[in-house]
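Trainee: Okay, structure incoming, though there's no sequence with it:
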């Protein structure tokens, strides 16, 4: 464990650097509301790729994949990695289309309004806020737990100071500064990946691979055969993760802001492909390490599987990971702050918010997220469940939105389809069990093993798509 003094020094030193970087990059430049929220047409493909990568790879990278690897087998690990890459692949294909159809857009809901009207814009805005707020306070929980584990510093200390620093440079610089700081933060993350690879080979790749293949020793007597990379029994759970997370990430408005920040469609495509490849490698690596941790013995808290692997390393190595954790959380939090402000100012208030009001909104977002992080800090299962609920609402809404690329899809069809996607989940639960189970899936869409329930998410996707098409065709014929 790092000494408390060194922990405080690293936290404040790292945050002071990012505060200075954000202040320098803002350059006291006067921004109008559009540039503050979109950085329109200003970024080349490399900057877009690094920004998408850094903003997508929050400190959840040190927790989520390794926990999934601890519990799941090959398909769970591979599915998690694939689900981190597919949103950017879709962005590479759909981003240029939506950018051309909505040249003055900032969020996905701007496109939705043009195609499907104001009610659907509000609905999509609400789903986006639900998902991004969940992401934000989960990031705060993660940095608090990481610092507490590595240095013993109180959980709330890093949360509060990360919030202060990211709010500071987001308020003064908006999206342009967030993208510029992402460039530096992405190098920190790539450094992390290289260091992990070096550490793996230093321990002996053969030994690491044997641990990854092994099942959790304590679980054998209970016939719970999970935790091995050679376990191929989790295909459905892995596929459910791909569907759930891909759908949810379509509502991460930070990605869509960068669609319009790209200098052209080619820059967007290349940048999205770069981010997709980097994210896939990063998540696959940390998921693999979760299976390594499982092979070495059962853990009381599998969410910190990665930290259990490194806890016996010397203080210099642990200090390095603490700094990298700060970089990870800053890169995602500033993106989420900008994105939430964009949704509030553009979608929920119908562009009736000026830049000063937008900045006040940034300041207001932080304490709300901190309170939620504090409230859920001792209940990791609830955070996981809330993520899945946000994913489910996104899954019920994503296909009606993108089906509207066809001129045959109507505004009423899209809105009814999105709502029916959730009703489809209730219908599925009622048919397979009872009505109470169907209602329960809306707040807890998991299977008997606590993993994402594939059938529930497929029900939401298919039900929303079919009803969107049906209502639209009926309106077209009337």
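Mentor: Nice, thanks for sending it over. Given the structure is predicted, the values throughout are model-derived calculations rather than measurements. Residues are numbered from 1 along each chain as shown.

Trainee: Might you report the residue contacts of residue 424?
Mentor: Residue 424 sits next to 396, 459, 460, 462, 463, 464, 467 when contact means CB atoms under 8 Å, 6 or more residues apart in numbering. In short, each C-beta sits where N, CA and C put it, glycine included.

Trainee: which residues are in contact with the strand or helix carrying the fourth one?
Mentor: Read that as residue 462. Taking DSSP states H and E as the definition, one finds residue 462 inside helix 454-477. Contacts with helix 454-477, where a contact means CB under 8 Å, 6+ apart, come from 236-237, 239-240, 243-244, 247, 391-392, 395-400, 403, 408-410, 412-414, 416-418, 420-425, 427-429, 432, 441, 445, 447.

Trainee: coming back round to it: just name the closest of the contacts of residue 424 to residue 132, please.
Mentor: Ranked by distance to residue 132 (CB to CB), these are led by residue 396 at 17.1 Å.

Trainee: Helix, strand, or coil at that closest one?
Mentor: What DSSP: H, G, I helix; E, B strand; the rest coil gives for residue 396 is helix.

Trainee: Not counting sequence-adjacent ones, nearest residue to it?
Mentor: residue 421 (2.8 Å; CB to CB, 6 or more residues apart in numbering).

Trainee: Tell me how far residue 72 lies from residue 78.
Mentor: Taking CB to CB, to the nearest Å as the measure, residue 72 falls 9 Å from residue 78.

Trainee: same check, this time on residue 59
Mentor: According to CB to CB, residue 59 stands 22 Å off from residue 78.

Trainee: Of these two, which one has the most company?
Mentor: Higher neighbour count among residue 59 and residue 78: residue 59, with 29 against 22, using other CB atoms under 10 Å.

Trainee: pretty sure the more buried one is touching residue 330, no?
Mentor: No. Using CB atoms under 8 Å, residue 59 makes no contact with residue 330, being 9.2 Å away.

Trainee: before we move on, what SS does the residue nearest to residue 396 have?
Mentor: Secondary structure, three-state DSSP: residue 421 is helix.

Trainee: Surely residue 404 is in contact with residue 116?
Mentor: Yes. Residue 404 is within contact range of residue 116, at 5.4 Å (criterion: CB under 8 Å).

Trainee: which residues are common contacts for these two?
Mentor: residue 414.

Trainee: still on that earlier bit, pull out the buried members of the contacts of residue 424.
Mentor: For these, a neighbour count by 16 or more other CB atoms under 10 Å gives the buried set as 396, 459, 460, 463, 464, 467.

Trainee: any idea which of these is closest to residue 292?
Mentor: Using CB to CB, those come closest to residue 292 at residue 460, 34.0 Å.

Trainee: Sketch out the strands for the chain, chain order is fine.
Mentor: Assigned strands in the chain: none (criterion: DSSP state E).

Trainee: What residues sit buried inside the lowest-mean-pLDDT helix or strand in it?
Mentor: When the helices and strands of the chain are scored by mean pLDDT, DSSP states H and E, helix 380-403 comes last with a mean of 81. For helix 380-403, a neighbour-count test (16+ other CB under 10 Å) marks 380, 383-403 as buried.

Trainee: any idea which helix is longest in this protein?
Mentor: helix 156-203 (DSSP state H).

Trainee: Go ahead and measure how far it is from the middle of the chain.
Mentor: 15 Å (CA atoms, centre = their mean, to the nearest Å).

Trainee: what's the answer for stretch 460-473, then?
Mentor: With CA atoms, centre = their mean, you get 27 Å for stretch 460-473.
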